[in-house]
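Q: Here is a sequence together with a model predicted from it:
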Protein chains: 4
Amino acid sequence: MAPKRVDRAARREDVLDAAVRVFARRGFAATRIEDVAAEAGIAKGSVYLYFDSRDALLRAAFARVAARSERLTAAAARPGRPAVQRLADLVRGAVAMLAAEPDLARIMVDLWSTGRARPGTPPGGTAAPALDLAEVYRAYRSVIADLLAEAGRDGDLRPGLGQAEAAVVVAAIEGALVQWLVDPEVPFADLADPITTTCLNGLRPRP
Amino acid sequence: MAPKRVDRAARREDVLDAAVRVFARRGFAATRIEDVAAEAGIAKGSVYLYFDSRDALLRAAFARVAARSERLTAAAARPGRPAVQRLADLVRGAVAMLAAEPDLARIMVDLWSTGRARPGTPPGGTAAPALDLAEVYRAYRSVIADLLAEAGRDGDLRPGLGQAEAAVVVAAIEGALVQWLVDPEVPFADLADPITTTCLNGLRPRP
Amino acid sequence: MAPKRVDRAARREDVLDAAVRVFARRGFAATRIEDVAAEAGIAKGSVYLYFDSRDALLRAAFARVAARSERLTAAAARPGRPAVQRLADLVRGAVAMLAAEPDLARIMVDLWSTGRARPGTPPGGTAAPALDLAEVYRAYRSVIADLLAEAGRDGDLRPGLGQAEAAVVVAAIEGALVQWLVDPEVPFADLADPITTTCLNGLRPRP
Amino acid sequence: MAPKRVDRAARREDVLDAAVRVFARRGFAATRIEDVAAEAGIAKGSVYLYFDSRDALLRAAFARVAARSERLTAAAARPGRPAVQRLADLVRGAVAMLAAEPDLARIMVDLWSTGRARPGTPPGGTAAPALDLAEVYRAYRSVIADLLAEAGRDGDLRPGLGQAEAAVVVAAIEGALVQWLVDPEVPFADLADPITTTCLNGLRPRP
DNA sequence: GATGAATGAGCCTTCATTCAT
DNA sequence: CATGAATGAAGGCTCATTCAT
């Protein structure tokens, strides 16, 4: 009669946490369900109580990365301050967030390559829609391009800046991330300033 | 027997070519020896005539990527022109090369994530030396840092630029690459100029 | 405590009812404990309150089929009427009963094939006694053979009829059942008469 | 260069032979791929060189049973002799064939029950058409009904015999088979005559 | 008693690697 | 040299059974 007291959703979250840690450590491809189970401290079969398949787990991790991305760009919308400053904040915020959650960052890098054979895409090709990584970056660039344009109108940056320059800003962040992940000695968190300075200076109106 | 040697090496190269194509298309993890054999037009077992194991193939692909990187940085050493220009050439050259060889570029992205469980690193940990991706980027930044310093002395860029700014330049390139690979509509080749302009301007002495 | 007993037994019967329905629908092999629980409207674990194991459930279903068979043959013992008529009644009764309980009939067919690896026979071979399907049919034929002999003495059928002819009568019934189960359009219930007529005529003394 | 000398088709047939033996012994449901491999004297994985999946193996066995059935009914078409005799021959031929290939017969019985969830029918329901067991028996009855009608016109049997009586004849054969499979002491092969005699006598014109 | 979360043995399937031809 | 049949270890998933609540 007494339904066992387990918060299913919370437990599911625990398993996903564990999965994210293992994915970050081993990569998607090399991660076996058993690894996730071990990390979560449960039995192999129990993973299937919360996720339908290995693939569902991948997709959930993917969704988490996507959610984080959205939080990131959403934060840049804070109005009331000059666009250049919001831009600088966005860059700093992005770097800080990525640096604070290296596991998710690593997963994102994994997604860059897995992107071709998206998680949830069985060999045949019939895939779950999952998260469209291209869309994530498109949104990212779009937000930045808007800020660049606004700053251009403010006279803080050159006028006429657009998608290309937005791509460069995004690139500086993601590229710095890569270098850090490949070589932990690269001081990613400290690169927020050089990135901001270099890019914003580089986009200032020529004297 | 000498001709045999040549033939053998050429054959090996053919197989590696095929492997690179498949790796780029499917990713490391999803590529089976048989896929490579099929792409190379030989039998599965024959792959083992040229490579000791699946892993050796991975390492060979890695080596090829690394070699490409070295060619890249080596080219920047051409003296006789001002450092700023050699820097701009380096950026443009890198972008052009990556854009021209998307297969190798894709593999490089794959390596970023696989890097943790380095190709050649069996679960146990006793690994073949493989190649050190961190080292590749360290060299890359080093070359650029030297050019930045030289340009600083030339008065073309701010003095005092170092590793951090070099990382930003590398980041802009690699980050742009990622966006292109994730979303083919991003005009990677055309980003060479925005990258160069933004970064170099951003590093100019303040007026 | 007595009421508890009754309750428990009734519950057990409910579960077995549910099991029989599912067995008939899905077949033994494809039926999971959870299916039975769902059909019975209880939780998976609760099935074990009434049956020691999946196998015990199978055996109970078997027992039910066997009990039905016994009721069938027992009914044929009614004396006081000529043997030929009791024989005809037996055939009609059997067909009617099978037609009325297709679920049990389906299970019986399942038992024909599962019979080899008798329910209750774990791979090792140390088995619970379970029920002997061969014995069920032996009894069936025996009753019929007795009726045939008696009818022979009555002069209604040929003398000298025995096990072989009894087997033919049983065969006609079971074989008709099979055809119905395989193809629901076969009018099994209506075959009682053709079976009776054909067999009994066929066993009449030659003119 | 030297393509290994193995007759793929023959090998496949060997594996299927082994599978049929195991299916007959253990039943479909209880048969693991490894059992088949062991019976065939090969490694588990090698089964997959010849069959795409466990299910494909089931379907192949199924097809073999179907082919046997067709041979059976086809044989009854021999014209040039009176229909009654061809009918008697058909019954005897069927019994002889079933008795000679008990493995296939056992599989057929397995199919009767598995018929619901036909081999090749994944849980979802999207099935390969495979063999329609209902169709097999329909054809069987149809051939017999034709012979009965012809014999009726010949005056050897009652006129007006049809599907129902055909079903009884088929039933006698299949039902006898069941009894034999359930209890090897039942002399199935010897039942050909009692079946023929009983049924044909039973269908004679009343004096 | 009842529940359903948890477990882990077991089975199907894939694929790197070997080796007889 | 080249082949591709054969192998068997590994990993995903299912499900009977147990047990804390």
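A: Structure's in. What do you need? Since we're looking at a predicted model, the values are computed, not measured.
Q: Which helix or strand in chain A has the lowest average pLDDT?
A: The weakest-scoring helix or strand in chain A, judged by mean pLDDT, DSSP states H and E, is helix A:54-75 (a mean of 87).
Q: Can you spell out the domain ranges of chain A, please?
A: A:1-51, A:62-202 (automatic domain parsing).
Q: So which of the ones you listed is nearest DNA strand F?
A: domain A:1-51 (3.5 Å; Cβ to the nearest atom of the strand). (C-beta placed from N, C-alpha, C; glycine too.)
Q: list the contacts for the residue nearest to A:D103 when sequence neighbours are not counted?
A: Spatial nearest neighbour of A:D103, chain neighbours left out: A:A24 (3.7 Å); criterion: Cβ to Cβ, 6 or more residues apart in numbering or on different chains. Each residue near A:A24 by Cβ atoms under 8 Å, 6 or more residues apart in numbering or on different chains is listed here: A:102-104, A:106-107.
Q: Including neighbour count, distance to DNA strand E and secondary structure, could those residues go into CSV?
A: Listed next are the contacts of A:A24 as CSV, based on neighbours: other Cβ atoms under 10 Å in any protein chain shown; distance: Cβ to the nearest atom of the strand, whole Å; DSSP: H, G, I helix; E, B strand; the rest coil:
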residue, neighbour count, distance to DNA strand E, secondary structure
A:P102, 15, 28, helix
A:D103, 17, 23, helix
A:L104, 19, 24, helix
A:R106, 25, 23, helix
A:I107, 25, 22, helix
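Q: Closest to chain D out of those?
A: A:I107 (31.8 Å; Cβ to the nearest Cβ).
Q: any idea how far the closest one lies from A:L87?
A: According to Cβ to Cβ, to the nearest Å, A:I107 stands 26 Å off from A:L87.
Q: A:L49 too?
A: Applying Cβ to Cβ, the value for A:L49 to A:L87 is 45 Å.
Q: what about the closest residue to A:D35 other than its chain neighbours, distance to B:W112?
A: What sits nearest to A:D35 in space, not counting adjacent residues and going by Cβ to Cβ, 6+ apart, is A:V22, at 4.9 Å. Distance, A:V22 to B:W112, by Cβ to Cβ: 18 Å.
Q: Does A:E185 lie in a helix or a strand, and which?
A: Assessed by DSSP states H and E, A:E185 sits outside every helix and strand.
Q: what sits against it?
A: Taking Cβ under 8 Å, 6+ apart, one finds B:A134 in contact with A:E185.
Q: which of A:L49 and A:L87 has more neighbours?
A: Legend: neighbour count by other Cβ atoms under 10 Å in any protein chain shown for A:L49 and A:L87, higher for A:L87 (26 against 13).
Q: That one touches A:V143, doesn't it?
A: No - counting by Cβ atoms under 8 Å, A:L87 stays clear of A:V143, with 9.6 Å between them.
Q: Tell me where chain A is predicted with low confidence.
A: A:1-6, A:76-78, A:115-131, A:207 (pLDDT under 70).
Q: Can you show me the helices along it?
A: Using DSSP state H, the helices of chain A run over A:8-26, A:33-40, A:44-50, A:54-75, A:83-100, A:102-114, A:133-154, A:163-182, A:192-202.
Q: how about TSV for those, with distance to C:R32 added?
A: What follows is these, written out as TSV (distance: least, Cβ to Cβ, whole Å):
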stretch	distance to C:R32
helix A:8-26	21
helix A:33-40	21
helix A:44-50	15
helix A:54-75	21
helix A:83-100	45
helix A:102-114	34
helix A:133-154	39
helix A:163-182	45
helix A:192-202	55
